[in-house]
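K.L.:
what's the 3D shape of this:
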Amino acid sequence: MLDLSIVIVSYNTKQLLDDCLLSVMRAEQPASGCEIVVVDNASTDGSQVMVRERYPTVKLLAMDQNLGFSAANNRGAAVANGRYILFLNSDTRISRKALVEPLTYLQANPAAGAITVKLIYPNGERDPDNHRGFPTPWNAACHFLGLKRLFPNNPRFDGYFQSYANFDETHAVEVIAGSFMMMPRQLFDQLDGWDETYFFYGEDIDFCYRIHLAGCQIIYYPHVEVLHYKGASSGLRKESAAIAKPPKATRVRVAKESVRAMQIFYRKFYSHQYSPIVTGLILTGIQFRGWLRILKHQLF
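P.N.:
A predicted model of the protein is given here:
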């Protein structure tokens, strides 16, 4: 049995996917080797042809419709044979040690349920979404009301991104991004994989919450860096605006799904923990913020 399976979900990211696969091929491989599974969500940009022609050893699952991120990851995992699975975004380029070092850590630390690395933008900045706390009402309020800026480096007011942490040291964290998430296959199966209620956004926070409920740690491993263009499929992120220009219909749909994801997560994990008044305020705030995001992409 292979040590590692790499599952990559792609949607109209042909060139980025090509670059990602090339970086995986050039990276140092685990001792028993690894396999790559690409799940293409009905791309129309020639991605499927590119994979077949340039990477014949890759397992390509060509979907006839866009299943979303969670469902596509589950389809990829269903045909994966590795003891560990790396869920990797197509808009990443991994470094030489990005496979072997996190895998070695997981193998040596069975209490770890998942691990990520230091994701960096093309401008060299760290991707903050890959090192977060859970979006509790308090953490969310401190973040969106700007209290973090009033009390910098204070853990009480910066629970959302936890930017007070030492990012040069390996440490446990609550939430990491699905852009680079490596985990044992056994735990993936135990948790029944990704929650397919989510289409796009929020599914990684949900998965991390369930990993913690299972009693496992999530590890931030900053000794390996991976380039992350971010938002290439959605078109909602300024970090990839120069290279990713999805049509308005795609951007609006993803904006709507991002709102729905926040609502799903809150109702699933937090609605029973807080009073109806708090729940009502939170859901109203999510809806208002979401309305602004959707309006922005409807107008431009």
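K.L.:
was I right to think Phe207 contacts Gly178?
P.N.:
Yes: with contact defined as C-beta atoms under 8 Å, Phe207 and Gly178 form a contacting pair (7.2 Å). Bear in mind the C-beta positions are built from the backbone N, C-alpha and C, glycine included.
K.L.:
which one's more surrounded, these two?
P.N.:
Between Phe207 and Gly178, Phe207 has the larger neighbour count (other C-beta atoms under 10 Å), namely 27 against 24.
K.L.:
quick check: the more buried one is in a helix.
P.N.:
Yes: checked against DSSP: H, G, I helix; E, B strand; the rest coil, Phe207 lies within a helix.
K.L.:
low pLDDT regions in this protein?
P.N.:
The chain contains residues with pLDDT under 70 at 231-246, 251, 290-294, 296-300.
K.L.:
longest strand anywhere in it?
P.N.:
What stands out as the longest strand in the chain, according to DSSP state E, is strand 217-228.
K.L.:
for that strand, enumerate the helices and strands it packs against.
P.N.:
Here strand 217-228 touches strand 92-94, helix 100-108, strand 112-120, strand 171-172, helix 203-213, going by 3 or more C-beta pairs under 8 Å, 6 or more residues apart in numbering; DSSP states H and E.
K.L.:
tell me which of these sits nearest to Asp3.
P.N.:
When the helices and strands packed on strand 217-228 are compared by C-beta to C-beta, helix 100-108 sits nearest Asp3, at 6.4 Å.
K.L.:
so what touches that closest one?
P.N.:
3-4, 27-30, 84, 86, 112, 115-117, 170, 182-184, 219, 221, 223-224 (C-beta atoms under 8 Å, 6 or more residues apart in numbering).
K.L.:
tell me how far stretch 15-31 is from the chain's mean position?
P.N.:
From the chain centre to the centre of stretch 15-31 is a distance of 18 Å (C-alpha atoms, centre = their mean, to the nearest Å).
K.L.:
and for stretch 120-134?
P.N.:
The chain centre lies 11 Å from the centre of stretch 120-134; the measure is C-alpha atoms, centre = their mean.
K.L.:
cool, and stretch 30-39?
P.N.:
Its chain's C-alpha centre and that of stretch 30-39 lie 19 Å apart, by C-alpha atoms, centre = their mean.
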